[in-house]
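K.L.:
Curious how this folds, go ahead:
(one chain, ligands or ions: 1)
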Amino acid sequence: MGPGPAYSRVDGEFGFMYAIGQIVRMKKGHPCGGDTWRIIRIGMDFRIKCLKCGRSVLLPRQRFERRVREVLAQEENQGQSP
Ligand SMILES: [Zn+2]
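P.N.:
Predicted coordinates for the structure are as follows:
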């Protein structure tokens, strides 16, 4: 094993926390051809935005979690402190 991705997901592990700004790869790609998404809203429903075409979709949390293949990265907070 190399220095794998810091945020790889362990299937079935309880309590994995998602965060706004994380980039996830879904098992099923978007019709536009993209398969990576940024989490832009978290709650009972998750809103994710396709990184390729910029569209966003709303998914119930359970469906979102089932579809995630891996978490690729976490975005840094944008904007420096004033
Ligand atoms: Zn797309």
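
K.L.:
can we go C-alpha only for contacts and neighbour counts from here?
P.N.:
Will do.

K.L.:
Count the neighbours of residue 22 for me.
P.N.:
19 (other C-alpha atoms under 10 Å).

K.L.:
so what's the residue lying closest to it once chain neighbours are set aside up against?
P.N.:
Closest residue to residue 22 apart from its sequence neighbours, by C-alpha to C-alpha, 6 or more residues apart in numbering: residue 74 at 4.2 Å. The contact partners of residue 74, taken as C-alpha atoms under 8 Å, 6 or more residues apart in numbering, are 7, 19, 21, 22, 23.

K.L.:
Kindly report the same for residue 22.
P.N.:
By C-alpha under 8 Å, 6+ apart, residue 22 lies in contact with 38, 39, 71, 72, 73, 74, 75.

K.L.:
Only the buried residues of stretch 36-47, if you could.
P.N.:
36, 37, 38, 39, 40, 42, 46, 47 (16 or more other C-alpha atoms under 10 Å).

K.L.:
Let me have those residues in CSV, adding secondary structure, pLDDT and distance to the ion as columns.
P.N.:
Converted to CSV, the buried residues of stretch 36-47 look like this (DSSP: H, G, I helix; E, B strand; the rest coil; pLDDT from 0 to 100; distance: C-alpha to the ion, whole Å):
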residue, secondary structure, pLDDT, distance to the ion
36, strand, 96, 8
37, strand, 96, 8
38, strand, 96, 11
39, strand, 95, 14
40, strand, 95, 15
42, coil, 91, 19
46, strand, 94, 16
47, strand, 96, 13
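
K.L.:
ok, which pair from those residues is furthest apart?
P.N.:
36 and 42 (16.8 Å; C-alpha to C-alpha).
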